[in-house]
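# sharing a model prediction with you, sequence too.
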Amino acid sequence: MEQNGILVMNVGSTSCKIKYFTLPDLHERIGMKFERLGGAAPAECTVICGGKKEKRTDGKIRTYKDAIDYFLGSIDRERVVAVGFKTVLSTLIAGVGELTEEVVQDMRALGAVCPAHNLPYADAVEQCREALPKSRMIGSFETGFHQTIELHRRIYGLPYDWLVRYGIQKNGFHGASHEYAARFAQSKGCARAICCHLGGSSSVCAVLNGKSFDISFGFSPQSGVMQLYRAGDTDCAIIPWLRRCGLTEEEINEGFAKKGGMRGISGVEGDLRDILADGSERAELAVKAYAHSVVRYIGAFYAELQGLDCITFSGGIGENSAKIRGMICSQISHFGVSLDEERNLRAEQVISSDSSPVRVFILPADEESIVAEKVARFIGA
């Protein structure tokens, strides 16, 4: 008989990972990763079961809902005690909590702040609630890991009343990924770590003694490092200027959140693989600008941490692009980073040279196991 378990949903900006963990051991029984969701072509699906990976193609899988339906067809849904979601932002919960109707509506109200994540997650919660009416819906919010960032690193140079009344401060996201990387760094004896989660959505996190010290993300995931199609850090005066130039609010929002980033600069639809394959001057400019935005935060956090013991690379780009890793590391060699080019090309776990004072790791972050652990603790399983 199949054991009871926890289903974990990780809804990214262009991808979706779903895993089923059995209780009480939290053994991962089956997982599926769906990539290139929301595009014109069918999504790519990788099934992981029993330590084996299998690529599957199904022309019906194009949306997040399609991915959820496909996965639920492979498990006994009656055994799902709870569904854990790697949720992003709510004003009601900073860590782990029950996804009541009030919380889901709050997530929807914040859709303008986190448009690529909050609305898909709210939809996913409602779809799972409909498909699994007996299961508890639990959110593990990405802001939880960053509660250790001190206020002087979170506050903006804005009226203090805006912090008190409207909660305007640096929230920080990618908490599960950065927490996983922080634990790994601690296990390697690295007190001062800079964790780079690079993918369709990207961020850099400074970690001190296993705790979040600072983060590139700000009030929303629209800020910080340049994203695949989000602008990242920009000048606030650009928005009123574009209004004066005749652009509508919708056009401005699309430019910042959907038509910006590497796609906006390069003019290439698709992900980094497509941009790198394009080879045009604009594509190369986009790649250089992206790498520069990561290097800029690494430099800032190196100063804040007053040194560095290791760097970790996670996410679809961080794990798979030797070119991006090489571009970044070549610009911070003066921090004590020495890359072994062969190890980098082979994507080994350790890609720094044996003589490098700063160790560099490729770390496929298991965000879902972090969420499963937190959910199991929350429900007392």
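Noted; the coordinates are in hand. Numbers count the residues shown, from 1 in each chain.
# tell me the secondary structure for the residue nearest to Thr234 when sequence neighbours are not counted?
Excluding its sequence neighbours, the residue lying closest to Thr234 (C-beta to C-beta, 6 or more residues apart in numbering) is Phe256, at 7.2 Å. Every C-beta, even on glycine, is put in place using the N, C-alpha and C of the backbone. Under the three-state scheme (DSSP: H, G, I helix; E, B strand; the rest coil), Phe256 adopts helix.
# who's in contact with Phe256?
Counting by C-beta atoms under 8 Å, 6 or more residues apart in numbering, Phe256 makes contact with Gln222, Arg230, Ala231, Thr234.
# output the residues you listed in a markdown table; the columns should cover distance to Thr87 and neighbour count.
Converted to a markdown table, the contacts of Phe256 look like this (distance: C-beta to C-beta, whole Å; neighbours: other C-beta atoms under 10 Å):
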| residue | distance to Thr87 | neighbour count |
| --- | --- | --- |
| Gln222 | 17 | 23 |
| Arg230 | 19 | 27 |
| Ala231 | 23 | 18 |
| Thr234 | 26 | 14 |
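# Arg359 sits in which helix or strand?
strand 359-362 (DSSP states H and E).
# show me what the helix or strand just after that strand is packed up against.
Following strand 359-362 in sequence order, the next helix or strand is helix 367-379 (DSSP H and E). On a contact count with 3 or more C-beta pairs under 8 Å, 6 or more residues apart in numbering; DSSP states H and E, helix 367-379 meets strand 5-11, strand 15-22, strand 27-35, strand 80-85, strand 96-98, strand 136-140, helix 175-187.
# could you redo the last one with a cut-off of 7 Å?
strand 5-11, strand 15-22, strand 80-85, strand 96-98, strand 136-140, helix 175-187 (3 or more C-beta pairs under 7 Å, 6 or more residues apart in numbering; DSSP states H and E).
# pull the residues that contact the strand holding Arg359.
190, 309-313, 319, 329, 337, 339, 347, 349-352 (C-beta atoms under 7 Å, 6 or more residues apart in numbering).
# so which of the contacts of Phe256 is the closest to Ala94?
Top of the list for closeness to Ala94, among those and by C-beta to C-beta, is Gln222 at 19.4 Å.
# check contacts around the closest one.
Arg230, Ala231, Phe256, Ala257.
# what about 8 Å?
Contacts of Gln222 (C-beta under 8 Å, 6+ apart): Val113, Arg230, Ala231, Gly232, Phe256, Ala257.
# and Thr57, what's its pLDDT?
Thr57 carries a pLDDT value of 75.
# can you give me every residue that contacts it?
Counted by C-beta under 8 Å, 6+ apart, Thr57 has contacts Pro42, Glu44, Cys45.
# give me phi/psi at it?
phi -130, psi 130 (degrees, to the nearest 10).
# now the helices for the stretch 101-250 of the chain?
Assignment of helices within the stretch 101-250 of the chain using DSSP state H, counting those that start in this stretch yields the ranges 101-109, 118-131, 151-154, 160-166, 175-187, 238-244, 249-257.
# check the stretch 251-381 of the chain too.
Going by DSSP H, counting those that start in this stretch, the stretch 251-381 of the chain shows helices at 261-266, 272-278, 281-305, 315-320, 322-330, 341-346, 367-379.
# what does the last one contact?
In this case it means helix 367-379. Residues contacting helix 367-379 (C-beta under 8 Å, 6+ apart): 6, 8, 10, 17, 19, 21, 23-24, 26, 28, 31, 81-82, 84-86, 95-97, 136, 138, 140, 176-177, 179-180, 381.
# which among these end up buried?
6, 8, 10, 17, 19, 21, 23, 28, 31, 81-82, 84-86, 96-97, 136, 138, 140, 176-177, 179-180, 381 (16 or more other C-beta atoms under 10 Å).
# the residue nearest to Asp214 when sequence neighbours are not counted: neighbour count?
Sequence neighbours aside, Ala206 is the residue nearest to Asp214 in space, at 4.3 Å (criterion: C-beta to C-beta, 6+ apart). Using other C-beta atoms under 10 Å, Ala206 has 26 neighbouring residues.
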